[in-house]
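In: okay, predicted coordinates and the sequence, questions at the end:
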Amino acid sequence: MQNPSTTARKPRFLLADKPSVLIFLACLGLFTLGVTVLAEGSGIGVISTSFVKTLGKTLCLCLVALAMDLVWGYCGILSLGHMAFFGIGGYAIGMWLMYARTELIVVQSLSTAPLPATAQEISDGIATQIFGVVGSSDFPPIWGFAHSLPLQLAAVVVVPGLLALVFGWLAFRSRVTGVYLSILTQAMTLALSLYLFQNDSGLRGNNGLSGLQNLPGLGDVPQSAVSLWFFWASAAALGLGYLLCVWVVSGKFGSVIRAIRDDESRVRFLGYPVEVYKLFIFTLTAVIAGIAGALYYPQAGIINPAEMAPIASIYLAVWVAIGGRGRLYGAVIGAGFVSLLSTFFTGGQAPDLNLGFYTVQWVDWWTVLLGLSFVVVTLFAPKGLGGLFDLMANRLSPNRHGADLGPDAGALREKEADT
Amino acid sequence: MSYLCRCCAVVMAVLWSLAALPLAAQTAAPAPDAPIQLLLQQHGDIIAKSSRKTIGPAIDALAASGLPDAQTVLEKWQAKEMWRHKDSGLFVFADKVDRQTLQVFDLATGSDLGQAIARDYKQLKPNSGIRGLIGAALVRFQLTDPDPAARHAALDAIERDADASHLDALRAVAGGETDAALAARMARLERLLTIRFDDDDAARVAAITSFEGDLGVDVRAALTPLTQTRMMHDSQLPADANIKRRLSAPDDALPADAAFDLMIAAGVATPLPTAEDRKAALIAHIDNGAVAGTQVHALDTQAARDAAYAALAKAGTVPPWSPDQTLDDLVADQGFVEIYTEPSAAVTTAAQSTLDGIERRVGLNQTLDLGLDALSLASIYFLAAIGLAITFGVMGVINMAHGEFIMMGAYTGYVVQLIIPDYTLSIIVAIPLAFAVTFGAGVAMERLVIRWLYHRPLETLLATFGISIALQQLAKNIFGTQARPLTAPGWLDGSLVFNDVVAISYIRIAIFVLALLFLALFLIVMNRTRLGLEVRAVTQNPRMAASMGINPDRINMLTFGFGSGIAGIAGVAIGLYAKVTSEMGADYIVQSFMTVVVGGVGNIWGTLLGATLVGTLQKGIEWMYPSNTLAAQTYMILFIILFIQFRPRGIIALKGRAAEV
C-alpha cells in the first residue's frame, strides 16, 4: 500500500518510523523471555503450567482484540461477531485434534483384533467414539477433512475468511452501517451459536469438542512443555499480527480506512470504493480472529458453542474500549489487563470485600463492576487506558467544548471530529 | 307386601341371630321369599353350573328385573362373594373368616346372618367370560343410574377401556336417555364402538361414514387401526386377504433390506451372512497365519476380505455369499403385497376415505392453529419490541439494556406476588408498579448516561451494553440463577377450545389483547397528546422545537422513560407466559431489534408488521422442523439477515426528511 514515489517522506524501515512498535515488540519479547525462564516447564517453576496456559490464552485474546481494534477502532465497524470467527478457528483446529487423537486410540484398540482393521472400521470406530455422546455414529460431512492437519489449518483461515467475506459483502453492499451493522453481526453470531448448540449440527452440540490440550502423537511430552510451545506460538502470532496491523494502518490505505470511519459518504464521494476497503478489513480481521482462536482453544482444552455466544463478542468490544480504541497497543493492553483481571476475580482468588453490612463476593460482583466501569470509560475516558500514554507524553488535545460542527443534529461534534 | 315380608324377615333374622349367639357354627337362614332370592332360584341351576354359553338368560333376567338389589347381587357375584347353600339352594353373600368359617349376609337386606360352616356352602366362581357378561350388565345399571354424574362416569369408563359387551349395553339404554348432552355422548360412543366391535360390516361402514369430517381424536383412534397394513411376500398371501396393493421392491415404501427380510420370513430366501458374520467366519478359518491362501496381514481392506470369504465359500466351508450380488438384485423379481389387517374390504375402503377426509380437515385446522400460535408469538414479540419502537424507533437511541428493563418488570411482578398472595390483585398492582419502576430506571439511565451520548450511537450501544451486563448480574445476585414463577390468576388458566385441533390458552389471548392495547396507547400518545406532538417535534428538529418553547431535554427524558416503562409492563406479561430469569431480557433483545429493524425504524405499523413477520416465520419454521426450536431461531435470523439485504430500511421505510434524521 505504501508507494514511495507519492509519499513526501522517504519511508525508512517500517519499524524505525514508529517507536511504539519497537517498544511493544521489546516488551512482548521480554515478557515471553521472562515467562519462559520462570515457567515450570523450564525448571524454575515459579509460574505454574496452568498459569502459563492462562498467559498464553491471554496473548491470543490480545491478538483477537488487535483484530477488533483494526475493524472497530480504525475502520469504524463495530462488529459483534469477531468472537464467532475466533470460535470457528478453534473448532477447525479442534476437529483435527480430536480426530487424530481418537484415531490413535481406536487404532491401538483395534490392533489386538485377529484381523487387521480396514479403513472403514477405523473410521466407524472414531465416529462412534466422537459422536456417541450425541447419539450418532456417522461422520457428518463437515468432518470430511478432519483427518488432515494441513486442510484443517487451511480451514482455520479460510472458513472465517469466507464467512466474513460473504456476510460483509451482503451487509456493506446494501449500505448497512453503524448500529444496524452491529445488530446484524450480533444476530449472525447468535444464529451461529444457536446452530452449533443443536446436536445434529455435526459438532457435538453443546458438548463441544474436548480433550484438545492433548496433542496427538505427543502423549509422552509433559503438559508443562506443551504449554510453553503454545505460549511461544501465541507470542509469535501476536507479534506478527501487530506488525501486520501496523503495516495495514500506516500509509495511504490506513488513511483511507480512518477516513471511512470518520465520514464514509465523503470518502465515497472522493471516489474510493468504500465497500472494498471495508470488506478487506472485515475479512482480514476475521482471519486474524480465526488464527487467534486456533491457538487459544488447544490451551483451553475445550470449546463449546457457549463460547461463541454474542456476549463474548461484546466483552471483546469492552476490552478494546477500555484499552483504548484507535491505537493498536491500547487493544492489547485492554485485552490483557481486563481478561487477566477477570480471571483473577472470577477464579475465586480475590479476597472478599467486607463492607460491614454486606460482604462483596467478587465472583458475583465482578461482572457488575465490569459493566459499570465500561459505562464510566465510555462516558469519561473515551480514549481508554491508552489515553494514559498520551498523558505521559503530554499530548493533550486542546480542551474545546463539544459543540456541533454543523448546523443541526446529526452533524459531527468537534470532539469526535478531532479524534 | 314385599316390604312387609322383608320387615318380618329382618325381625326374624335378628331374633334368630340373637338366639344363635352361643353357637358359633350355627347360623340364621336367609329369607327364602325375597324377590331377588326367588329370581335367583328360578335360574339357580344355570347359575350354579357357571357356563358362559348358558348363563345369558340368568344375567339378562337379573338385569331386566328392575329389582333394586340386582346391581349388588351382580357385583358380589362378579367379585366371587356369592355362595349357595348346598341343601336349601338359597343364595347368600359371604366373607371367609378362616378356612372353615364364613360370615354370612342376607341377599336382600344385607343383614348379618352370623357365622356358618364353610363346607355347607358352595362358592360361585364365575369364570372370566361370565365376569365379562356380568360387567356388561353392570354397565347397563351404571348407564341408567339416576345420577347424571354417574352416567358420565360410566361413559368415561367405557371410553377408557371399551370392549364388545359395552356395545350391547349402550344400545340397550340409548333410547331411554333424557339428558340431551348425555344422549349425544352415548350415541357417539355407540357409533365408535360399532366401528370397533360390530359383526355386521354394513353397520360398521354406516358408522364410519357418519364420522365424515369429524375432528375428534377418538374418531381417528378408532379409524386408524382399521387402515393398518402389513407387508408380506406373495407366497404367504392368505386366500381371503384384504389386499391394499401389490408392490415390487426396492420401493420407497419397501426398501431392499426390508423386502429381503420378508422373503426370509416367507421361506423363499435364506439370510445372507452379514459383514460381522463374514468377519467372524474369516477369523474362525485363520489357518497358520492365512485365510484361504491369503495372508492375514493383507486382509486390511474390505475387497481383500470379500475375496478371501468368496474363496472360503467356494470351498464350501462357509455359507455362500458373493460380493457381486446385491440385495437389490435378489428382491427385484419378487412380488410383495400389502394387506390390511382388517379383513373386510368395504370397511377398510370406507375407513380410508373417511380418514383421508378427516386428515384434510385436520390439516386445515392445524394450519389455523398454527396461525393462532404465530399470532400469539407475534404479539409477544410486539410487546417486547414496542418499547424499543419508542426509544430506538422514534428517538433513535439504541438501548441494549431494553431486555433488562423487560426483566426488571417481570421481577417486579414476582416481588409483588411475594407480598400480595392474591394473584388477580397482585397483577393489577404489578402492572402500574412495573411501569413506575422501569420508568424510573429509564429516566435515570437517560439522565446519567444516554444524554451525554446523543448522536454517538455506537458509544450509546456500548454503554447500554455495560448497563445490561451489570443489571443482569445484579438480578442474578439478588434473585439467584433459578427461574422464578410469576403465576397467572386463576381466570387466565385453561384455554379457549374450538375443537380437538384448534385451541388457544387464555394467557395468550390476554397477551394479544395487551399488545393491541399498547398499540392503541402508543397511537394515542403519539398522535393525540401534547407530549406526542412535542416528541415528534424534538425528534425531527430539536433546535426548531427548542425555539418553539419545547424543552428537548425534558421531552427526551420523558420519552425514554415512557418506552422503558412499556418494556416493564411487557415484562410482566412475558413473565406470565414464560419463567422469570435474569436472562429473559437477553433472550428477546435480538429478536426485538430485528422486529423493529425489519418493520422499519420510526413507524409503529412497521413494528407491528415486523412482529407478525418474525412470529409467523418462527412458527412456520418450527412447524417444518418440529422438536427443534434452535433450528427455527437459527433459520429465522438468517432469513432476517437476507431480508435486510433487500429492504435495508424495513418493510415500511420512512420517506423524505424523516428518513434523513
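Out: Cool, got the structure.

In: in contact with the one residue in the stretch 201-350 of chain A that gets nearest to chain B: list those residues for me.
Out: Using CB to the nearest CB, the closest approach of the stretch 201-350 of chain A to chain B is made by A:I314 at 5.4 Å. Where C-beta positions appear, they are placed from N, C-alpha and C, glycine not excepted. By CB atoms under 8 Å, 6 or more residues apart in numbering or on different chains, A:I314 lies in contact with A:80, B:465, B:469.

In: for it, which three-state class applies?
Out: helix (DSSP: H, G, I helix; E, B strand; the rest coil).

In: quick one: the strands in the stretch 101-250 of chain A?
Out: Here the stretch 101-250 of chain A has its strands, by DSSP state E, counting those that start in this stretch, at A:209-210.

In: tally of neighbours for the nearest residue to B:G563 once chain neighbours are set aside?
Out: Leaving aside its chain neighbours, B:G563 sits nearest to B:I390 (3.4 Å; criterion: CB to CB, 6 or more residues apart in numbering or on different chains). For B:I390, the count of nearby residues is 28 (other CB atoms under 10 Å in any protein chain shown).

In: isn't B:I390 up against B:A570?
Out: No - the pair B:I390 / B:A570 is not scored as a contact, 11.7 Å apart, by CB atoms under 8 Å.

In: mind listing what B:I208 touches?
Out: Counted by CB under 8 Å, 6+ apart, B:I208 has contacts B:195, B:223, B:226, B:347, B:350-351, B:354.

In: nearest to B:E212, of the residues you listed?
Out: B:T354 (5.6 Å; CB to CB).

In: that closest one: which element?
Out: Element membership of B:T354 [criterion: DSSP states H and E] is helix B:345-388.

In: re earlier: mind putting the contacts of B:I208 into a markdown table with pLDDT, neighbour count and distance to A:L284?
Out: Shown next, in a markdown table, are the contacts of B:I208 (pLDDT from 0 to 100; neighbours: other CB atoms under 10 Å in any protein chain shown; distance: CB to CB, whole Å):
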| residue | pLDDT | neighbour count | distance to A:L284 |
| --- | --- | --- | --- |
| B:I195 | 84 | 24 | 71 |
| B:L223 | 84 | 22 | 64 |
| B:L226 | 84 | 21 | 67 |
| B:V347 | 86 | 23 | 72 |
| B:A350 | 87 | 23 | 70 |
| B:A351 | 87 | 26 | 66 |
| B:T354 | 89 | 25 | 65 |
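
In: what about the contacts of A:I314, which are in helices?
Out: B:465, B:469 (DSSP state H).

In: between the contacts of A:I314, which sits nearest A:P114?
Out: Nearest member of the contacts of A:I314 to A:P114, counting by CB to CB, is A:L80, at 56.3 Å.

In: just checking, what packs against the one helix or strand B:L517 maps to?
Out: Counting by DSSP H and E, the element that carries B:L517 is helix B:506-528. Here helix B:506-528 touches helix B:345-388, strand B:495-497, helix B:530-540, helix B:552-577, helix B:604-624, going by 3 or more CB pairs under 8 Å, 6 or more residues apart in numbering or on different chains; DSSP states H and E.

In: give me the neighbour count for the closest residue to A:L353 other than its chain neighbours.
Out: Closest residue to A:L353 apart from its sequence neighbours, by CB to CB, 6+ apart: A:V360 at 4.0 Å. Other residues near A:V360 come to 17 when the count uses other CB under 10 Å.
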